[in-house]
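Engineer: just the structure for this:
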Amino acid sequence: MPLRKPHGLILMADDDEDDCLIVRDALGELSVEADIRFAHDGQMLMDYLSSCARDGKPRPDLIMLDLNMPNKSGREALREMKANTIFKSIPVVIFSTSSDQADINFCYKNGASSYIKKNLSFTDIIEVMRLLCGYWFSAVSLPTAP
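Structural biologist: Model (predicted):
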């Protein structure tokens, strides 16, 4: 059975503007209809999610989360999301420079769906985004908001 054309909303939480631009540009190279929005720290991520529940903003289908951010780290945001019955079903893909096994273990223990190291070429990021969008937006069924 052919996969349907990928479409979804990605919320990327990362304080590195260059990483955000690279991911946005990689999505632009692909023929996917994925929208991407950005939060530049963990607190902005949680504020966005709260506004989805409160104000009807579009709920992300997938969250890409950096671990090391100001105001609220990705670790704190991950714990907070997964402890919240409204947000815990949203898949979270960690996108971090850390290769520390303790970080990887922490993320999976606290509900991350995947862990990807950032140190990739632009061509590799295009491929990662192709695979992510194809998997999360075409191959699997995602939950709706509770």
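
Engineer: measure Asp14 to Gly56 for me?
Structural biologist: With distances taken as C-beta to C-beta, to the nearest Å, Asp14 is found 25 Å from Gly56. Every C-beta, even on glycine, is put in place using the N, C-alpha and C of the backbone.

Engineer: so between the two, which is more surrounded?
Structural biologist: The residue with more neighbours, out of Asp14 and Gly56, is Asp14; 24 against 9, by other C-beta atoms under 10 Å.

Engineer: quick check, that one in contact with Arg37.
Structural biologist: No - the criterion here is C-beta atoms under 8 Å, and Asp14 misses it with Arg37 at 11.6 Å.

Engineer: so which bits of stretch 60-79 are buried?
Structural biologist: Buried residues in stretch 60-79, counted by 16 or more other C-beta atoms under 10 Å: 60-67, 69, 72-78.

Engineer: do stretch 119-137 as well
Structural biologist: Buried-residue list, stretch 119-137, by 16+ other C-beta under 10 Å: Ile125, Ile126, Val128, Met129, Arg130, Leu132, Cys133, Gly134, Tyr135, Trp136, Phe137.

Engineer: about what we covered before: which among the buried residues of stretch 60-79 gets closest to Ile116?
Structural biologist: Nearest to Ile116 among the buried residues of stretch 60-79: Met64, at 8.4 Å, using C-beta to C-beta.

Engineer: my guess is that closest one contacts Val23, does it?
Structural biologist: Yes - the criterion here is C-beta under 8 Å, and Met64 meets it with Val23 at 7.1 Å.

Engineer: you'd agree Met69 is up against Ala13?
Structural biologist: Yes - the pair Met69 / Ala13 is scored as a contact, 6.8 Å apart, by C-beta under 8 Å.

Engineer: between these two, what contacts are shared?
Structural biologist: His40, Asp41, Gly42, Ala77 (C-beta atoms under 8 Å, 6 or more residues apart in numbering).
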